[in-house]
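K.L.:
Got a predicted structure plus its sequence, pasted below:
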Amino acid sequence: MSTSTHRAWLEAELFRLLEFGRDVAHPRGGAAVLGDRGEPLLEQPVHLWITARMVHVYAIGSLLGVPGCRPLAEDVARGLRTTLADDEHGGWFSAVGADGRPVGEAKSCYDHAFALLAGSTAAVAGLDGADALLERAQAVFLERFWDDAAGMCVDTIDRDWTTVDPYRGINGNMHAVEAMMAATDATGDVAWARRAGRVAGRVATVAAAHDWRIPEHYDAGWTPLPEHNRDRPADPFKPYGATVGHGLEWARLLLQVEATLGHEAPPGLADAATRLFDRAVTDGWAPDGAPGFVYTTDWSGTPVVRQRMHWVAAEAGAAAAALARRTGDPAYEAWYARSWDYIEGHLIDRDGGSWWHELDPENRPAAGTWSGKPDLYHAVQATLLPRLPLAPSIAAAVASGLLEG
């Protein structure tokens, strides 16, 4: 992880990933879903989460000085002002179809967290229109999704903001933590990072109470719903059981919250990060004999969905790097190397580009939960996070010249 040769390898992989998405801008505005070879699938809806992630990715590319990234980021961001924007009620639609109509009208924390992240990164990169985008994203997120009494975010609201769904979820809150820390770095308003700290502290507490397997689903009073979606165990956003990759992702985020808030951080975040990581790799790595992390387990640690998702391996490498940096324990260096060996051996598609998003239990390309290669966010961040300090967030750190290599 610390060698100049490895840092150069990560940089080369980053450039390869950025090249894969060069055709991502949808002619209607926003980001197209990308196929196996990077071809834009224009018949598919334009999604808010993909659009916002691609703005984030290519705005970082702009900060790195990669030619073509700035105009591409600005072109994709146009969809956040036009195609996906709900000008009548505010906020953004989750997706818009080829006919220009919303695909479902509910508005989600998950999607709007990525809009906040995109606005923050775009503002740090100085993209055209970024300040207005960030202002809008902050206002909508704070007014509609942040529940100050609970210190958590609500999950889903109807289009005109009149009815809040009683479901509460960890996935949207997890990405809100990342976005809120980025918002602090973009604006200087530490209140965003303090909100992230409240979420992180609560998640660490509930994880400790469940043997470090994080309950993902809750009712309106934040009582866990351990059987939620038992009939849809492979759901891409709200699967049944414990999500191995989220244990890894939270391990990294807890360390980043600690580094961001310093003495204001909730106590015990570093210990919680180590326990989350250890639980995730114990339950998730190669439980059926084949290398790779399974998608989900039940509450005893038995695998439920054995597919291997690309984002889980990406988060394993990023979490291991964060823990190695924070603790100095060489065991995390070993996990970091194991994660990248797996990524290189099974996930990176040297022929078609990018990474296979899903593999079956025998590590063959599959499409049970994900089809195509729509998402560069996890893979790109996996090439950057090991070369950055734990704070500030990625865009601010790159802008400050803190990227190693």
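P.N.:
Okay, I see it. Residues are numbered from 1 along each chain as shown.
K.L.:
any idea how far residue 345 is from the residue nearest to residue 349 when sequence neighbours are not counted?
P.N.:
Once flanking residues are discounted, residue 349 sits nearest to residue 356: 5.6 Å by Cβ to Cβ, 6 or more residues apart in numbering. From N, CA and C alone the C-beta is placed, and that goes for glycine too. Using Cβ to Cβ, to the nearest Å, residue 356 is found at 12 Å from residue 345.
K.L.:
Compare these two and say which one has the larger neighbour count.
P.N.:
It is residue 356, of residue 356 and residue 345, that has more neighbours when counted by other Cβ atoms under 10 Å, with 21 against 11.
K.L.:
List the contacts of the more buried one.
P.N.:
Applying Cβ atoms under 8 Å, 6 or more residues apart in numbering to residue 356 gives the contacts 310, 346, 347, 349, 365, 373.
K.L.:
what's the farthest-apart pair in the residues you listed?
P.N.:
346 and 373 (14.5 Å; Cβ to Cβ).
K.L.:
So the two - more neighbours on which side?
P.N.:
Taking neighbours as other Cβ under 10 Å, residue 346 and residue 373 compare with residue 373 leading, 26 against 20.
K.L.:
Pull the number of nearby residues for residue 83.
P.N.:
20.
K.L.:
can you give me the helices for this protein?
P.N.:
Applying DSSP state H to the chain gives helices spanning 4-20, 48-63, 69-81, 109-125, 130-140, 170-187, 190-208, 244-261, 269-284, 310-327, 330-342, 377-384, 394-399.
K.L.:
The last one: how far from the chain's middle?
P.N.:
For helix 394-399, the distance from its own C-alpha centre to the chain's C-alpha centre is 16 Å (Cα atoms, centre = their mean, to the nearest Å).
K.L.:
Who are the packing partners of that helix?
P.N.:
Applying 3 or more Cβ pairs under 8 Å, 6 or more residues apart in numbering; DSSP states H and E, one finds that helix 394-399 contacts helix 48-63, helix 109-125, helix 170-187, helix 377-384.
K.L.:
one more time with 6 Å
P.N.:
If you count contacts as 3 or more Cβ pairs under 6 Å, 6 or more residues apart in numbering; DSSP states H and E, helix 394-399 packs onto helix 48-63, helix 109-125.
K.L.:
quick one: contacts of the first one?
P.N.:
Just to be clear, that refers to helix 48-63. 18, 24, 30-31, 69-70, 72-73, 76-77, 79, 84, 92, 94, 111, 114-115, 117-118, 121-122, 125, 127, 374, 376-377, 380, 395, 398-399 (Cβ atoms under 6 Å, 6 or more residues apart in numbering).
K.L.:
circling back: same list, the helices of the chain, but as CSV with mean neighbour count please.
P.N.:
Shown next, in CSV, are these (neighbours: other Cβ atoms under 10 Å):
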stretch, mean neighbour count
helix 4-20, 16
helix 48-63, 28
helix 69-81, 22
helix 109-125, 28
helix 130-140, 19
helix 170-187, 26
helix 190-208, 20
helix 244-261, 27
helix 269-284, 22
helix 310-327, 25
helix 330-342, 18
helix 377-384, 23
helix 394-399, 22
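K.L.:
what's the closest of the ones you listed to residue 369?
P.N.:
Nearest of the helices of the chain (Cβ to Cβ): helix 310-327, 10.9 Å.
K.L.:
quick one: the closest one to helix 244-261, angle?
P.N.:
Orientation note: helix 310-327 sits at an angle of 40 degrees relative to helix 244-261 (axes from the mean of the first three to the mean of the last three Cα atoms, to 10 degrees).
K.L.:
now the angle from helix 310-327 to helix 330-342?
P.N.:
Using the same axes, to 10 degrees: helix 310-327 against helix 330-342 is 160 degrees.
K.L.:
got the CA coordinates for helix 310-327 in PDB?
P.N.:
Once non-C-alpha atoms are left out, helix 310-327 reads as follows in PDB (Å, rounded to 0.1, in the frame of the first residue of the first chain):
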ATOM      1  CA  HIS A 310     -17.800  -5.300  -7.000                       C
ATOM      2  CA  TRP A 311     -18.500  -2.600  -4.600                       C
ATOM      3  CA  VAL A 312     -18.000  -4.900  -1.600                       C
ATOM      4  CA  ALA A 313     -14.400  -5.700  -2.600                       C
ATOM      5  CA  ALA A 314     -13.800  -2.000  -3.300                       C
ATOM      6  CA  GLU A 315     -15.000  -1.100   0.200                       C
ATOM      7  CA  ALA A 316     -12.900  -3.900   1.700                       C
ATOM      8  CA  GLY A 317      -9.800  -2.400   0.300                       C
ATOM      9  CA  ALA A 318     -10.700   1.200   1.300                       C
ATOM     10  CA  ALA A 319     -11.600   0.100   4.900                       C
ATOM     11  CA  ALA A 320      -8.400  -1.900   5.300                       C
ATOM     12  CA  ALA A 321      -6.400   1.000   4.100                       C
ATOM     13  CA  ALA A 322      -8.100   3.300   6.600                       C
ATOM     14  CA  LEU A 323      -7.600   0.900   9.400                       C
ATOM     15  CA  ALA A 324      -4.000   0.400   8.500                       C
ATOM     16  CA  ARG A 325      -3.500   4.100   8.500                       C
ATOM     17  CA  ARG A 326      -5.300   4.600  11.800                       C
ATOM     18  CA  THR A 327      -3.900   1.600  13.800                       C
END
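K.L.:
Give me the pLDDT for the closest residue to residue 282 other than its chain neighbours.
P.N.:
Among residues not flanking residue 282 along the chain, residue 301 sits closest, at 7.3 Å (Cβ to Cβ, 6+ apart). In this model, residue 301 is scored at 98, pLDDT.
K.L.:
what number of residues lie near residue 301?
P.N.:
With neighbours defined by other Cβ under 10 Å, the count for residue 301 comes to 16.
K.L.:
Could you do the one 5 residues further on as well?
P.N.:
Using other Cβ under 10 Å, residue 306 has 19 other residues around it.
K.L.:
And the pLDDT for it?
P.N.:
Reported pLDDT for residue 306: 98.
K.L.:
Point out the one among the helices of the chain that comes closest to residue 39.
P.N.:
Per Cβ to Cβ, nearest to residue 39 of those: helix 4-20, 10.5 Å.
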